[in-house]
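Asker: A predicted structure for the sequence below; I have some questions about it.
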Amino acid sequence: MKPFEDISLISAVVNRALERIRLSEENSALSWKSSRQKNAELERSNTILKNLAIRDGLTGLYNHRYFQEALAVELVRSRRYTRNLSLVFVDVDFFQEV
């Protein structure tokens, strides 16, 4: 190593180091923002997929899968609070007209 006598050379090295640190911090911030946006997009997609999985595509009504999940939740709730649970089935004639 040689001793540095030229202050401009030391200044240039320090400036490059500072620029490298600034760029690294900027890159981290952009990466964090990008992952945050991707997470938000993934959450929206998951919400849409969940909705598609529990609703009938033609009528938009809840399907059998949703009924089974909701029934299981309500059974657990009725047991937990020692309450009676009633379930009513209705058969709609000529449902297609509705």
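Answerer: Received, thanks. Residues are numbered from 1 along each chain as shown.
Asker: for the rest of this, base every contact and every neighbour count on C-alpha atoms.
Answerer: Fine.
Asker: so, low pLDDT: which residues of the chain?
Answerer: Scanning the chain for pLDDT under 70 picks out the ranges 1-6, 98.
Asker: quick one, longest helix in it?
Answerer: Using DSSP state H to define each element, the chain has its longest helix at helix 7-54.
Asker: following it in sequence, what is the next regular element?
Answerer: Remark: after helix 7-54, the chain's next helix or strand is helix 64-80, criterion DSSP states H and E.
Asker: need the CA coordinates for that next one. CSV is fine.
Answerer: Only the C-alpha atoms of helix 64-80 are listed here, as CSV (Å, rounded to 0.1, in the frame of the first residue of the first chain):
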residue,chain,number,x,y,z
HIS,A,64,-72.4,-27.4,-0.8
ARG,A,65,-68.8,-26.9,0.3
TYR,A,66,-69.7,-23.6,2.0
PHE,A,67,-72.8,-25.2,3.6
GLN,A,68,-70.7,-28.0,5.1
GLU,A,69,-68.1,-25.5,6.5
ALA,A,70,-70.8,-23.2,7.9
LEU,A,71,-72.7,-26.1,9.4
ALA,A,72,-69.5,-27.4,11.1
VAL,A,73,-68.8,-23.9,12.6
GLU,A,74,-72.3,-23.5,13.8
LEU,A,75,-72.3,-27.0,15.4
VAL,A,76,-69.1,-26.2,17.3
ARG,A,77,-70.6,-22.8,18.4
SER,A,78,-73.8,-24.4,19.6
ARG,A,79,-71.8,-27.0,21.7
ARG,A,80,-69.5,-24.3,23.1
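Asker: quick one, that helix and helix 7-54 angle?
Answerer: Counting by axes from the mean of the first three to the mean of the last three CA atoms, to 10 degrees, helix 64-80 lies at 90 degrees to helix 7-54.
Asker: and the gap between the residue nearest to the spatial centre of the chain and residue 37?
Answerer: Centroid-nearest residue in the chain: residue 43, 2.5 Å away (criterion: CA atoms, centre = their mean). To residue 37, residue 43 is 10 Å away according to CA to CA, to the nearest Å.
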